[in-house]
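Undergrad: Provide a 3D model corresponding to the input given below.
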Amino acid sequence: MTNSTGYIAAIDQGTTSTRCMIFDHSGNVVSSEQVEHEQIFPKAGWVEHDGVEIWRNTRRVVAAALASEDLQTADIKAVGITNQRETTLVWDRSTGEPIHNAIVWQDTRTAALCEELAGDQGAGRYQERTGLPLSTYFAGPKIRWLLDNVDGARDRAEAGELCFGTMDSWMVWNMTGGPDGGRHLTDVTNASRTMLMDLETLEWDEEICREMQIPTSLLPEICSSSQVYGKVRERGRLADVPIAGILGDQQAATFGQACLEPGEAKNTYGTGNFLLLNTGEEVVHSSHGLLSTVCYKLGDKKPIYALEGSIAVTGSLIQWLRDNLGLINSSSDIEETAKLVDDNGGVYFVPAFSGLFAPRWRPDARGVIVGLTRFVTKGHIARAALEATAFQTREVIEAMQADSGVELSTLKVDGGMVVNEMLMQFQSDILGVPVVRPVVNETTALGAAYAAGLAVGYWEGEQEIRDNWAQDKQWDPVMDADDRDARFAEWNTAVERSFNLA
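TA: All right, here's what the predicted structure looks like:
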């Protein structure tokens, strides 16, 4: 019997901001509060966050989300957590103080270490076991960097004094008591992004940990994505509420989009773009540059896996045009600026700011704008920036179809950029399939809420999640196939110009 009174809270700890969203039984947003945090760039290619600032922001947004609708703690039946994945924090067990800023997933400081670890065996050294190629993207090498570069860190880690966590672990540890009995855990989706977990056994791989020189005492306990992990112990607005769901942000969006059957896919347009295809209970190993990852695991049920295509820079390219170049005043201006022109004027923008992720995995690539002439205006550059998102998505979808043998029939989309109608139409045109946006666009937070609500019986089962999903708008392709293929060929030429620049 479901108990559908009250609400579920979701904490969405993202790359640029932290938000708290509160959902009702129909999956509608009742309340939402969001705070941005500082992006710290100590050197070219380095990206950090302040873990203490993020924890402080988390408490702020939770209190504000409840207060804005006059909700009491008793109204909240459970809290779910979703988080930027791979971002790596190490802190002291007894004080709760981080030993260093968090190293963000986009950070490239571990490039030399990844090459060293690859050795003669190449970037695929651990891919069969972990689903991941050796890349600066993943948490394992980041942990190793911290142990090697922070004074005394390795000795303290060997002595069992330190904890490693992705942002979900940091949240749960603090929410359940911190230094005073905080639970040190993560879920299978986040663990699958460290390059330290065996995809089949769902346990830390001791051999890989040894080879990366990471003491296993640092690592959190691996749990399912939907179970009661503990109750909130901190004083404040969620005291005694069960924490019952954890999903890495892209897996959470897949869950929130109700991609619960093998062959169902979603694409999230955020800081980067992340396309996930549900492959069911089978681990599908990619031969086309995709990642194999855990999609979700509900309680004691078998894990569900996914293929993932990760694109590093999409929404953050629009922020870059705003903040670094001043080309637009706010991110929402990009569409109007791009509409000043009828096409890209022959301009292609490859935003390889931190190398290229899937399907190419070229850490040596750097951003380029090609095809510039005197004719080109800021409108063409704005348009080329939006088109880059769609071209990169097509590359990933082609790789996914080659790996899975599944033809994409429609693309479900979510994330901040899907309000951009011009981009959604171009995405449909360049793929040649319909693009569908749901009514509730914040599917990342919704997926975390679903995982938590299922664990406490607020929702009865997966069918209720399917029933809640509703279409808002669909874009159908209007571009002819020759035009589509010609533009994609020009894009590929531009991408090749970005190689070997680092």
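Undergrad: Please count neighbours and contacts with C-alpha atoms only from this point.
TA: Noted.
Undergrad: where do the strands sit along the stretch 151-300 of the chain?
TA: Listed in chain order, the strands of the stretch 151-300 of the chain (DSSP state E, counting those that start in this stretch) span 162-165, 185-187, 221-223, 226-231, 242-248, 265-269, 273-280, 291-296.
Undergrad: hang on, I meant the stretch 301-450 of the chain
TA: 304-311, 348-350, 368-370, 411-414, 435-438.
Undergrad: Tell me which of those strands sits nearest to Pro477.
TA: Nearest of those to Pro477, taken as Cα to Cα: strand 435-438 at 8.6 Å.
Undergrad: For the closest one, could you pull out the residues that count as buried?
TA: 435-438 (16 or more other Cα atoms under 10 Å).
Undergrad: and among the strands of the stretch 151-300 of the chain, the most buried is which?
TA: Across the strands of the stretch 151-300 of the chain, averaging neighbours per residue (mean count of other Cα atoms under 10 Å) puts strand 242-248 on top, at a mean of 31.
Undergrad: And for that one, what's in contact with it?
TA: 77-85, 168, 172, 186-187, 189-190, 224-232, 296, 447-453, 455-456 (Cα atoms under 8 Å, 6 or more residues apart in numbering).
Undergrad: Mark which of those are part of helices, please.
TA: 168, 172, 189-190, 447-453, 455 (DSSP state H).
Undergrad: Please indicate which of the residues you listed are buried?
TA: For the ones in helices among the contacts of strand 242-248, buried by 16+ other Cα under 10 Å: 168, 172, 189-190, 447-453, 455.
Undergrad: Stretch 21-29: which residues count as buried?
TA: Buried, per 16+ other Cα under 10 Å, within stretch 21-29: 21-25, 27, 29.
Undergrad: Can you tell me which of those end up in strands?
TA: 21-23, 29 (DSSP state E).
Undergrad: and the least confident of the residues you listed?
TA: pLDDT is lowest at Val29 among those; the value there is 93.
Undergrad: Would you map the strands across the stretch 1-150 of the chain?
TA: For the stretch 1-150 of the chain, the strands defined by DSSP E, counting those that start in this stretch occupy 7-13, 17-23, 29-36, 48-49, 76-83, 89-92, 102-103.
Undergrad: got the contact list for the last one?
TA: Under the criterion Cα under 8 Å, 6+ apart, residues 46-51, 87-90, 142 lie in contact with strand 102-103.
Undergrad: would you turn those residues into JSON lines with neighbour count?
TA: Formatted as JSON lines, the contacts of strand 102-103 follow (neighbours: other Cα atoms under 10 Å):
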{"residue": "Trp46", "neighbour count": "17"}
{"residue": "Val47", "neighbour count": "20"}
{"residue": "Glu48", "neighbour count": "21"}
{"residue": "His49", "neighbour count": "22"}
{"residue": "Asp50", "neighbour count": "17"}
{"residue": "Gly51", "neighbour count": "24"}
{"residue": "Thr87", "neighbour count": "28"}
{"residue": "Thr88", "neighbour count": "28"}
{"residue": "Leu89", "neighbour count": "27"}
{"residue": "Val90", "neighbour count": "27"}
{"residue": "Lys142", "neighbour count": "27"}
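Undergrad: possible to save the residues you listed as TSV with pLDDT?
TA: Listed next are the contacts of strand 102-103 as TSV, based on pLDDT from 0 to 100:
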residue	pLDDT
Trp46	94
Val47	94
Glu48	96
His49	97
Asp50	98
Gly51	97
Thr87	97
Thr88	97
Leu89	98
Val90	98
Lys142	98
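Undergrad: Tally up the residues packed near Asp323, please.
TA: The criterion is other Cα atoms under 10 Å. On that basis, Asp323 has 14 neighbouring residues.
Undergrad: For it, which residues are in contact?
TA: So Asp323 contacts nothing (Cα under 8 Å, 6+ apart).
Undergrad: quick revisit: quickly check the buried ones among the ones in helices among the contacts of strand 242-248 for the two that are furthest apart.
TA: Farthest pair in these, by Cα to Cα: Asn190 and Gly453, 19.3 Å.
Undergrad: Redo the ones in helices among the contacts of strand 242-248 as JSON lines? Include distance to Asn468 and pLDDT.
TA: Putting the ones in helices among the contacts of strand 242-248 into JSON lines (distance: Cα to Cα, whole Å; pLDDT from 0 to 100) gives the following:
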{"residue": "Asp168", "distance to Asn468": "26", "pLDDT": "97"}
{"residue": "Val172", "distance to Asn468": "28", "pLDDT": "96"}
{"residue": "Thr189", "distance to Asn468": "23", "pLDDT": "97"}
{"residue": "Asn190", "distance to Asn468": "26", "pLDDT": "97"}
{"residue": "Gly447", "distance to Asn468": "12", "pLDDT": "95"}
{"residue": "Ala448", "distance to Asn468": "15", "pLDDT": "97"}
{"residue": "Ala449", "distance to Asn468": "13", "pLDDT": "97"}
{"residue": "Tyr450", "distance to Asn468": "11", "pLDDT": "96"}
{"residue": "Ala451", "distance to Asn468": "14", "pLDDT": "96"}
{"residue": "Ala452", "distance to Asn468": "16", "pLDDT": "97"}
{"residue": "Gly453", "distance to Asn468": "13", "pLDDT": "96"}
{"residue": "Ala455", "distance to Asn468": "17", "pLDDT": "96"}
